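Enquirer: Dropping a prediction and its sequence here:
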Amino acid sequence: MKRKMLAAFLAATMVGGLLVGCGNSGDTSGSSKSSSGTTSTASASGEVDASVTKTELGEYTEENPYHLVFAFVEFYEQDDAARTAVQDALNEYMIPKYHIEVEFLPLQYAEYQQTIQLMISGGDELDVMPIYYSNASSWIAMNGIVDMNQYMDTPEGQAIKDVLGEANATVGSMNGILFGFPAQKESVELGGLTMRADICDELGIAEEYGLELNQDEYTGKVYDWSVATEIFKKVKEAHPEMTPLYLQGSASPMRRLAFFDELADQFGVLDWEADHDSTTVVNEFETDTYKEAVTQLAEWFDAGYIYPDALTDTQGAAVMMKAGNTFSYMSAIKPGYLVEAKASTGTDCYAMYFGQDVEGGYSTTNVSFYDTGIATNSADPEMAFKFISALYTDPEVMNLWQNGIQDVNYKVLDDGTAYYVDGEDASNFKYHQNTGWFMGNQFNTYVWNDGSKDANYWDKLQHHNDWAQYSPAYGFMWDSSEYSTQITALQNALNTYRPALETGSVGVAGVEETLQKLNDALYAAGLQTVMDAKQEQLDKWLDENGGATETPQSNLDTIAAAKEAN
């Protein structure tokens, strides 16, 4: 059974998908729902005693568990029978401990947002669901999401705060409504170049910059993009048949070149590169930061360093590198990344971090891109909250949902990592979700032994997040529900001019004129109205929040030590 990841997933996240989902559940006959006021207690150790579950109408028991519909996205094809067996195994654990019977509702990424919206509006059975951040305002407006603030002082709420930290636990909030929790995963984006190792070795680039295979953990060593110019020049001179840098018009490289707190949609941002502490909403496309970045791209294009058909090409960086047509591409880099790069490109690669600062930026959008929340359809939101807490605090729950049944769907290796059972691999497995980065606590699952990770991998990703300096607006969520017409017009204007600017295709001579056309089109589409509203909401949030969000001291210490060392 051939497995395929959904095509063009990263591109799809930029535009949002629409969805028709199909539930696949075990026998749920005899289960019931009832409105309730559940209570829980905590043991002396702080662990939630999930066995104490009472309701206004009685008590949920093993014989009468709460029936909970859990909607989630499947990015890989699963065997139906295997999924049902995993659901049954999860319930063998959930019912005695939590008095919850879980019904899986697997959805496809391309359509999940529309499916959930239709379920909410239609009053269908639905408890726990994934929430794409840009849907939050409209789903809140239609009274489709439960405000979870009311549960945060419970033992389950405290347990979630203990896992995520206070700031991350409340980042999925809008207008005072806590609509969702982000996945516990790596969230800071530190970008750079992925480069062919053989060419780097041949031209002395590896020796000059101390590059090694599988050396992708960030240490605070970051290079200015002028260094990339020198590298591209060497490659172009030695290999004129090869494009030094692959870019694609449909995939913006701006997050690798400069960090803006996009405040959800880029139509009014904080220019973090210019001033880490600023809370003034500005037009990204009028900033010196943006102009300098697209001018750099234009200089590379004029010099022949960027793929000449970048504006229209659809092949993708991995295909181009595998074919021997490109030397490098821009990417977000994290521990374990280079093994993944080799798998997709078919060649050994080196990674170099580039940027203006040692630290990476940390914004609401970085962390709260996908969240886990409760539908107002839920007959018992407190029980749904109990289940969400288990997704963050109970390794057994996450491992069953993500990896399946031990020794049936996966095995634990001697080093403490997990892998497919004998006879199965990535091409024919029956059950393996691999979506802990999307919902729940990825760090509570076994590290999957794909060749790039060891048993300490989650610790490395935790440390990767320590390189982040928080945006002063971290935790602010822009409510665009009253500006949908302007947002659509603004996106159309941006799509008209942005690809040419961000592939360098306009050339240096065309930067000024194209930027002016872009900004004229944006203001004609209502940019100032949107920026004014966003600034007003941000100012209100800052006042209610007691000022700008501060970066944790542990992060500041990590960043300071790296600056001193480098």
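Expert: Received the coordinates, thanks. Residues are numbered from 1 along each chain as shown.
Enquirer: Kindly list the main-chain dihedrals of G210?
Expert: Main-chain torsions, G210, degrees, to the nearest 10: phi 60, psi 40.
Enquirer: Please tell me the pLDDT value assigned to it.
Expert: At G210, the predicted lDDT confidence score is 96.
Enquirer: Quick check: it vs T219, distance?
Expert: 11 Å (C-beta to C-beta, to the nearest Å). (Each C-beta comes from the backbone N, C-alpha and C, glycine too.)
Enquirer: what do you get for A303?
Expert: As judged by C-beta to C-beta, A303 and T219 stand 30 Å apart.
Enquirer: Among the two, which residue is more densely surrounded?
Expert: A303 (15 against 12; other C-beta atoms under 10 Å).
Enquirer: residue contacts, the more buried one?
Expert: F232, K233, K236 (C-beta atoms under 8 Å, 6 or more residues apart in numbering).
Enquirer: three-state assignment of the residue nearest to the last one when sequence neighbours are not counted?
Expert: This means K236. Distances taken as C-beta to C-beta, 6 or more residues apart in numbering put P244 closest to K236, at 5.5 Å, once the chain neighbours are dropped. Three-state assignment for P244 (DSSP: H, G, I helix; E, B strand; the rest coil): strand.
Enquirer: And A390, by the same measure?
Expert: A390 ends up helix, using three-state DSSP.
Enquirer: Without its sequence neighbours, what residue ends up closest to it?
Expert: Nearest one to A390, counting by C-beta to C-beta, 6+ apart, is V397 at 4.5 Å.
Enquirer: Let me see the mean pLDDT of whichever strand or helix holds the one you found.
Expert: Assigned by DSSP states H and E, V397 falls within helix 395-403. The predicted model gives helix 395-403 an average pLDDT of 99.
Enquirer: buried residues in stretch 339-352?
Expert: Of all the residues in stretch 339-352, those buried under the rule 16 or more other C-beta atoms under 10 Å are V339, E340, A341, K342, T345, D348, C349, Y350, A351, M352.
Enquirer: contacts for that stretch?
Expert: 192-198, 200, 205-206, 209, 211-216, 223, 227-228, 317-318, 321-322, 331, 333, 337-338, 450-452.
Enquirer: Show the end-to-end separation of it, please.
Expert: End-to-end distance for stretch 339-352: 15 Å, by C-alpha to C-alpha, to the nearest Å.
Enquirer: average pLDDT for that stretch?
Expert: On average, stretch 339-352 scores 95.
Enquirer: now stretch 297-308
Expert: Rounded mean pLDDT across stretch 297-308 is 98.
Enquirer: Figure out how far that stretch is from the centre of its chain.
Expert: 30 Å (C-alpha atoms, centre = their mean, to the nearest Å).
Enquirer: Also stretch 95-109?
Expert: The answer for stretch 95-109 is 23 Å, by C-alpha atoms, centre = their mean.
Enquirer: what's the distance between the residue nearest the centre of the chain and G180?
Expert: The centroid of the chain falls nearest to F369 when counting by C-alpha atoms, centre = their mean (5.4 Å). According to C-beta to C-beta, F369 and G180 sit 11 Å apart.
Enquirer: sorry, back to before: give me the buried entries from the contacts of stretch 339-352.
Expert: 192-197, 200, 205-206, 211, 214, 216, 228, 317-318, 321, 331, 333, 337-338, 452.
Enquirer: now, which of those lie within helices?
Expert: A197, C200, I205, A206, A228, A317, A318, M321, Y337, L338 (DSSP state H).
Enquirer: out of those residues, who's nearest N519?
Expert: A228 (27.4 Å; C-beta to C-beta).
Enquirer: Who are the contact partners of the closest one?
Expert: By C-beta under 8 Å, 6+ apart, the residues touching A228 are L193, L245, M352, F354.
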